[in-house]
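[1] Structural data only, the sequence is not supplied:
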């Protein structure tokens, strides 16, 4: 190898290393900073107490509960609807019909729409239009809409990944279309669908903008109910950062750690499931 | 490992058995032809001539079976040598059948001519020898026995001696028995040829056993006396 | 001196194989008349007429693109699953129109099973693979018995009887293909279609599958597609040779049936020069 080639090689490697350090380094610094800042306030009180004007007595319990409720609503709504939509689009829809082609093109677009747009639409049609008001259910519905395209896309990919030969084999035995989908395609696609759903869910849990739009009231000192006012953890964190008292900043950082923990553990579950079921192939 | 290609193995076995069927017919034909010759029985001779159709039938069927087996199963190695050995042996057996027919025809032509005890004795002996050689040849083939196959040379030697005895006897008898003598020579020659064909089948058996295709004795290197 | 125990019919059989007349005496399972198949308007196969008889192995041979796989898929209506596929002409199954108005393809596929070129076991246990067919068709009777019988008939039982709950994907290629055969047998079909069943397998597995076909044809009617004509020579009673016809301007290629006769005839004295050229390997 000539000397200039050797140097070019090394220069390229160095550039890549630098890029990686910038990316991960920045992330690591942010995480570390949050951890250090929020550590003092990371205690049981965070989980047991409601917010208060007194920072020493404040907790994020209602927010944490609401976030978990929202997560549950999103899970229960987006997964069935998303999966069934994906099944329809992949297995039953006639590709030649114009409306199916329209849906095809736009599913990806929907996933890219900024979530605040969903917030505005939710405000107009769900909070005011249907009239249920600024309640947990409304927040859950809007978040479902936000993540639904992602779930559909992930489920479609999972279904497409099932080899066509499996379906052919099942048909050749005299199975009906439904039996093939329900007994062969779906079971084989479940790992991929699970991963996709959980990733979508973890995104929903972290959404702030749409929830603010539909009025996750910033000060809630009581445990939320399905059809009652609420606030979510990201919103609570946002609120605390606006307070002048430095203890609230620490509380905000602590809240951020909790939120991170929730999201990271969901992702860990998704990765675990994906790896476990990958072996089957 | 379990036995595979069972159908093919079965077909090879049955092909080999077809040779036995043909050999059986040839043996019967030979016995009858010699019997007719020494007892001067024209009716028996007619039967032998008619019987040749049966031999030709098996010959034909064996050939068709070989053609089919080669086309369908593409045998190699030992299986291929077996099929080739059967191909040759099939022909030799059929020729033996034709020789018996010739003997029978000669019997009919010379039925009312005088005969000679010595000669008839020689014919009987050659007939016995010939039958024995056919049996040995087939056995050597089935058993893939090279030694048994080469032993046919000695049996053939005995037939050749009998043939020479016939010739010298005929010369003794003199010119008044010319017509019968000529016929007898041909009959003797036929019986000697039966022996040669049996040796040829023995060569096929040796080929099958060793993979080496050779003549047992070369004409140019034959230590045996002529005539 | 004893005569060997061979009767004349057996001699005839050994010498000539199964005679056409004897095959044609058997019941017709399929009667195909003037069949043509096209995909999206482009003709793939034209002008096919032949009969398939009970308890025989019928082979379709020919160069690639000659339509033999397309043809075999007509028998169990798998072409229905391909968008744009159109089947014209008649296919009668035991005298009834296979493509009749009130015929359910699902029912057809239960009676006419299929084994594919690349073994395609489901990602489930061995037991569940074989049990899938009976389960979706809600067949009566002991499932475990059905599974065992199917595996025995496919010559796989001894190898897997102690690990029925293990994943099917852990089996070797040859075993997987026999599993697919067992899967097809479990629903007790009438006919088994095999689309190049051994082309993805090693020679010993191939021989095993061929031996299996000899066994299976006692109870089933078998139709196979193979690009290996020696395989057709070894296993088939009747062989159909397909070839490709190219349009004058070289654009359209379609498959046609050239010759259909006993395997013995096709491989010893074929009637058509094209058949002779193909089986001797002179032309593809």
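    Nice, I can see it. Remember, predicted model here, so these are calculated numbers, not experimental data.
[2] Go ahead and measure how far the strand or helix carrying residue B:43 is from the middle of the chain.
    Using DSSP states H and E, residue B:43 sits within helix B:42-73. Between the mean C-alpha location of helix B:42-73 and the chain-wide mean there is a distance of 14 Å, by Cα atoms, centre = their mean, to the nearest Å.
[3] what ranges do the helices span in the chain?
    Picking chain A for this. A:3-38, A:44-48, A:61-87, A:98-112, A:115-122, A:136-161, A:164-172, A:177-180, A:186-206, A:209-213, A:233-242, A:246-278 (DSSP state H).
[4] looking at chain C here, not the other one
    Secondary structure of chain C (DSSP H): helices located at C:8-16, C:20-25, C:68-75, C:105-111, C:126-136, C:143-153, C:157-160, C:173-185, C:203-216, C:229-235, C:263-268, C:273-279.
[5] what does chain B give?
    Using DSSP H, the helices found in chain B span residues B:6-39, B:42-73, B:77-109, B:117-143, B:146-150, B:152-173, B:178-210.
[6] Next up, the contacts around the residue sitting nearest the centre point of chain A.
    The geometric centre of chain A, computed from its C-alpha atoms, lies nearest to residue A:203 (Cα atoms, centre = their mean), at 2.1 Å. Applying Cβ atoms under 8 Å, 6 or more residues apart in numbering or on different chains, we find residue A:203 in contact with A:146, A:147, A:150. Every C-beta, even on glycine, is put in place using the N, C-alpha and C of the backbone.
[7] Next one, pLDDT for it please.
    pLDDT recorded at residue A:203 is 84.
[8] for residue A:56, same thing?
    For residue A:56, the predicted pLDDT is 68.
[9] same check, this time on the one 3 residues further on
    Residue A:59 carries a pLDDT value of 73.
[10] do residue B:94 as well
    97.
[11] Out of the contacts of residue A:203, who's the most crowded?
    With neighbours taken as other Cβ atoms under 10 Å in any protein chain shown, the top of these is residue A:147, carrying 29 neighbours.
[12] so where is the stretch 1-150 of chain C shaky, pLDDT-wise?
    For the stretch 1-150 of chain C, applying pLDDT under 70 flags the ranges C:1-17.
[13] Do stretch A:165-173 and chain C come into contact?
    Yes. Figure legend: stretch A:165-173 in contact with chain C (Cβ under 8 Å from any Cβ of the partner chain); contacting residues A:165, A:166, A:168, A:169, A:170, A:171, A:172, A:173.
[14] mind checking how far the fifth one is from residue C:137?
    Taking Cβ to Cβ, to the nearest Å as the measure, residue A:170 and residue C:137 are separated by 12 Å.
[15] ok, those two, which is more surrounded?
    Here residue A:170 and residue C:137 are compared on neighbour count by other Cβ under 10 Å; more neighbours surround residue A:170, at 25 against 20.
[16] Name the nearest residue to the closest residue to chain A within chain B, ignoring sequence neighbours.
    Nearest to chain A in chain B, going by Cβ to the nearest Cβ, is residue B:4, at a distance of 27.1 Å. On the basis of Cβ to Cβ, 6 or more residues apart in numbering or on different chains, the spatially nearest residue to residue B:4 that is not a chain neighbour turns out to be residue C:207, at 5.0 Å.
[17] excluding its backbone neighbours, what's nearest residue 72?
    You didn't pick a chain, so chain A it is. In this structure, residue A:72 finds its nearest non-sequential neighbour in residue A:140, 7.9 Å apart by Cβ to Cβ, 6+ apart.
[18] please go with chain B instead
    Residue nearest to residue B:72 in three dimensions, not counting chain neighbours: residue C:233, with 4.5 Å by Cβ to Cβ, 6+ apart.
[19] which secondary structure elements does the helix or strand of chain B with the lowest mean pLDDT contact?
    Taking mean pLDDT, DSSP states H and E as the measure, the helices and strands of chain B show their lowest mean at helix B:152-173, namely a mean of 90. Under the contact criterion of 3 or more Cβ pairs under 8 Å, 6 or more residues apart in numbering or on different chains; DSSP states H and E, helix B:152-173 touches helix B:117-143, helix B:178-210.
[20] now the angle from it to helix B:117-143?
    If you take axes from the mean of the first three to the mean of the last three Cα atoms, to 10 degrees, helix B:152-173 sits at 170 degrees to helix B:117-143.
[21] buried sites along helix B:152-173?
    By neighbour count on 16 or more other Cβ atoms under 10 Å in any protein chain shown, the buried set for helix B:152-173 is B:152, B:155-156, B:158-167, B:169-170, B:173.
[22] And those residues, which is closest to residue C:265?
    Checking these against residue C:265 with Cβ to Cβ, the nearest one is residue B:152 at 39.4 Å.
[23] from memory that closest one sits against residue B:141, does it?
    No. Contact between residue B:152 and residue B:141 fails when scored by Cβ atoms under 8 Å: they sit 11.0 Å apart.
[24] Poorly predicted segments of the chain, please.
    All of this refers to chain A. Applying pLDDT under 70 to the predicted model, the residue ranges of chain A that meet it are A:1, A:55-57, A:215-221, A:278-281.
[25] oops, chain B please
    Using pLDDT under 70, the flagged stretches of chain B are B:1-2, B:112-114, B:218-227.
[26] wait, doesn't residue B:75 sit right on residue B:69?
    Yes. Residue B:75 is in contact with residue B:69 according to Cβ under 8 Å; the separation is 6.8 Å.
[27] Give the residues shared as contacts by these two.
    Common contacts of residue B:75 and residue B:69 (Cβ under 8 Å, 6+ apart): B:12, B:83.
[28] okay, these two: which has more neighbours?
    The neighbour comparison of residue B:75 against residue B:69 (other Cβ under 10 Å) goes to residue B:69, with 23 against 17.
[29] State whether the more buried one and residue B:10 are indeed in contact, as I suppose.
    No. The criterion here is Cβ under 8 Å, and residue B:69 misses it with residue B:10 at 11.2 Å.
[30] before we move on, back to that, quickly compare the helices and strands packed on helix B:152-173 and say which is most buried.
    With neighbours defined as mean count of other Cβ atoms under 10 Å in any protein chain shown, the helices and strands packed on helix B:152-173 peak in mean count at helix B:178-210, which reaches a mean of 21.
[31] hang on, the earlier thing: the least confident helix or strand of chain B vs helix B:178-210, what angle?
    Regarding helix B:152-173 and helix B:178-210, their directions subtend 170 degrees when assessed with the same axes, to 10 degrees.
[32] what's in contact with helix B:152-173?
    Taking contacts as Cβ under 8 Å, 6+ apart, the residues outside helix B:152-173 that touch it are B:116, B:118-119, B:122-123, B:125-126, B:129-130, B:132-133, B:136-137, B:140, B:177, B:181, B:184-185, B:188-189, B:191-192, B:194-196, B:198-199, B:202, B:216-217, B:224, B:227.
[33] Now with 7 Å, please.
    Under the contact criterion Cβ atoms under 7 Å, 6 or more residues apart in numbering or on different chains, helix B:152-173 has outside partners B:116, B:118-119, B:122, B:125-126, B:129-130, B:132-133, B:136-137, B:181, B:184-185, B:188, B:191-192, B:195-196, B:198-199, B:202, B:216-217, B:224, B:227.
[34] Next, count neighbours for the closest residue to residue C:282 other than its chain neighbours.
    Distances taken as Cβ to Cβ, 6+ apart put residue C:276 closest to residue C:282, at 8.0 Å, once the chain neighbours are dropped. For residue C:276, the tally of surrounding residues (other Cβ under 10 Å) stands at 17.
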